[in-house]
Structures are given as structure tokens and as C-alpha cells.
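**Student:** quick one, fold the following:
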Amino acid sequence: MREYAKLNKKLIMSGQGHNFELWDADAWHKQIANLDSLSKKEEIPTEITQLSL
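**Tutor:** So this is what the prediction gives:
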């Protein structure tokens, strides 16, 4: 299962509520970097940045 999921020694456990995901640490950091680069390309409208929960 670890081979299929490409999980090495260092893992990241990410989740919320009753759900979680296990990520290989290198794959996680690559995914976060990719998402950061995508978010920098698009400007977030002021109305969205002012929302709070």
C-alpha cells in the first residue's frame, strides 16, 4: 500500500473533522508550492479577503 501511494519515510497527515489524508512529505511540499504559484497568478477580490467566519 505504501508503494502504491508512493509514501516514503516522512509523511504529512492533513485533515479536517472526520477525514484525513496521508501525503508523502515531498509530494505535499510540491503541491503546496504549486498552489501558491497558482494563487499568485490570480488577484483575490477585496470582498473575498474581508470575509470572516
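**Student:** tell me which helix or strand the residue minimising distance to the centre of the chain sits in.
**Tutor:** Per CA atoms, centre = their mean, the C-alpha nearest to the average position across the chain is that of I32, at 5.0 Å. Per DSSP states H and E: I32 is located in helix 25-41.
**Student:** using CSV, write out every CA atom in whichever helix or strand comes after that helix.
**Tutor:** Under the assignment DSSP H and E, the closest C-terminal helix or strand after helix 25-41 is helix 46-49. Once non-C-alpha atoms are left out, helix 46-49 reads as follows in CSV (Å, rounded to 0.1, in the frame of the first residue of the first chain):
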residue,chain,number,x,y,z
THR,A,46,-11.2,42.7,-1.8
GLU,A,47,-14.7,41.5,-0.9
ILE,A,48,-13.4,37.9,-0.5
THR,A,49,-10.3,38.8,1.6
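**Student:** against S52, how distant is the residue nearest to the centre of the chain?
**Tutor:** I32 sits 23 Å away from S52, going by CB to CB, to the nearest Å. From N, CA and C alone the C-beta is placed, and that goes for glycine too.
**Student:** again with E3
**Tutor:** Between E3 and S52 the distance is 43 Å, computed by CB to CB.
**Student:** could you do D24 as well?
**Tutor:** 34 Å.
**Student:** between the two, who's got more neighbours?
**Tutor:** Neighbours per residue (other CB atoms under 10 Å) separate D24 from S52, with D24 holding more: 18 against 4.
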